[in-house]
Each structure stands twice: as C-alpha cells, then as structure tokens.
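Visitor: Predicted coordinates and the sequence they were generated for:
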Amino acid sequence: MRDEIRLVIPAEEEFRPVAHLVAGGLALRLDMTYDALDDLQTGIEALLALRDDPQEIVVSLAVGENALHAAVGPFSGSTLRALEQDGDELGLRRVLETVVDTFEIDERDGGAWVELTKAAAA
C-alpha cells in the first residue's frame, strides 16, 4: 500500500498553491530532485489551469516505490480534448509529455481524470 493524500479544493486559481505545497512535502520523502518536483508541479498546474470555477477539483497525490503519482479531476470530456491532439504547438499534451514520465486519462466518478507519474530519480 502506498501513502496517499487526497485534496478537495475549489478549482479557483488562488487555491492551486495548496496542491504544490503538498506535492513538495511528499517529494521530500522520495529525495526527489528540485527539477523533478518542478516538472511534476508544472504538470499539475497545467491541469489545474483548465478549470477556474468555484466547483471542487480533486488532486490525489501518492508516493510509490520510486515515483510520485498524481491524479487530477474531474474534467469534462471536452476539456481534455487538448490531450488527444498530437501537434507541434505548445499545448497541454506536449507540456505533459515533456514534464512527466507518464500520463493517462481515466474515466471514473462521472468525469475524466488525468493521472501523472514522475520518477524520483532519472
């Protein structure tokens, strides 16, 4: 079993730093480098920026054996179409491909969730 923290926050911009703070605390447990943590936080921020509303958004963070896992959602299916587009422009898909080791979309709880994984050491 891995340690997991589930944050339920308003999707408004002013609450996003809470997710970054918790990710940083968990990254310490893995001795994750600053660059690796910054990459994961960039991925989380890119997802959180898809929503700016008073409704709740959930950020689940879990410490794996040698990686930090994040799941962010729920999103509407139309919101995540940017992940399905494979283009040369600097879109959400390209950002996530650059900053995290893996990402995938999972349908659950009536919405789309994006799961990110970032290894602690390269």
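Guide: Received it, and whenever you're ready, just let me know what you need.
Visitor: Residue 115 contacts residue 68, correct?
Guide: No. Counting by CB atoms under 8 Å, residue 68 is not a contact partner of residue 115; they are 11.7 Å apart. For the C-beta atoms, the positions are set from N, CA and C on the backbone; glycine is no exception.
Visitor: neighbour-wise, which of those two wins?
Guide: Remark: of residue 115 and residue 68, residue 68 carries more neighbours, 24 against 17, as counted by other CB atoms under 10 Å.
Visitor: residues contacting that one?
Guide: Contacts for residue 68 (CB atoms under 8 Å, 6 or more residues apart in numbering) come out as 23, 26, 27, 30, 32, 40, 61, 62, 117, 118, 120.
Visitor: What's opposite it in the beta bridge?
Guide: Here residue 68 sits in beta bridges with residue 63, residue 118, going by DSSP bridges.
Visitor: just checking, what packs against the lowest-mean-pLDDT helix or strand in the chain?
Guide: Ranked by mean pLDDT, DSSP states H and E, the weakest helix or strand in the chain is helix 81-84, scoring a mean of 71. Applying 3 or more CB pairs under 8 Å, 6 or more residues apart in numbering; DSSP states H and E, we find helix 81-84 packed against helix 92-99.
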